[in-house]
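> Please find the sequence and the predicted model below.
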Amino acid sequence: MKTPHLNDEQFTAYLLDAGSDPAGTAHLASCAICQEELKLFRQSVSSFNNVTLAWSESRPLAQIRKATPPSRAWSPTATWALAACLMLVAALSVAWHNGQDRRSLASHPTNGSAHEENSEAEIARDNQLMTEVNLEINRQEPSPISEYGLSVTTGGPAKTRAEARIE
């Protein structure tokens, strides 16, 4: 019985630790093809190592620079002034918004009956709209399948083309 040849993982394991796989070591001792492949594998790994080492040696050493503080640091006074300005802008916008709300409330009638009438009218319109939507959803239209003379099957799983051909 012939033993299969070693694969790349087995060659890698052999290069890392030659005694880890006794069956692989025995196969290497008797198989000329795997011995040649191991030789080529060693050359490839060695070539890769040499190229990566040459590349890393050709790179300039990274220069370590001291961390320098930003050129324009904010002073505590400027920071507090900016915060105060932002608070002032926020307060003014809230005050302006509240004034707008008061003006809009003053322009609307304040009696409760007009509001109730509007609410009942709005509810009636909403109910009418919901009825129309319900009718549209439940509308029955003829199926386009019937135009082509196809039958609609219900109740079972759909058949594939192969199953349809068998019948």
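Noted; the coordinates are in hand.

> what's the following helix or strand after the lengthiest helix in the chain?
Ranked by number of residues, the top helix in the chain under DSSP state H is helix 76-107. As assigned by DSSP states H and E, the chain's next helix or strand after helix 76-107 is helix 112-137.

> Let me see the mean pLDDT of that following helix.
If you average the pLDDT over helix 112-137, you get 79.

> Buried residues of the longest helix of the chain, list them for me.
Residues of helix 76-107 classed as buried: none (neighbour count, 16 or more other CB atoms under 10 Å). The way it works is simple: take the backbone N, C-alpha and C, and place the C-beta from them, glycine included.

> What helices and strands are in contact with the strand or helix carrying Ser47?
Assessed by DSSP H and E, Ser47 sits inside helix 32-58. Contacts defined by 3 or more CB pairs under 8 Å, 6 or more residues apart in numbering; DSSP states H and E place helix 32-58 against helix 8-16, helix 22-30.

> what comes into contact with the first one?
For helix 8-16, contacts defined as CB atoms under 8 Å, 6 or more residues apart in numbering pick out 6, 20-21, 24-25, 28, 37-38, 41-42, 45.

> looking at the residues you listed, which has the most residues close by?
Ranked by neighbour count (other CB atoms under 10 Å), the contacts of helix 8-16 have Leu6 at the top, with 23 neighbours.
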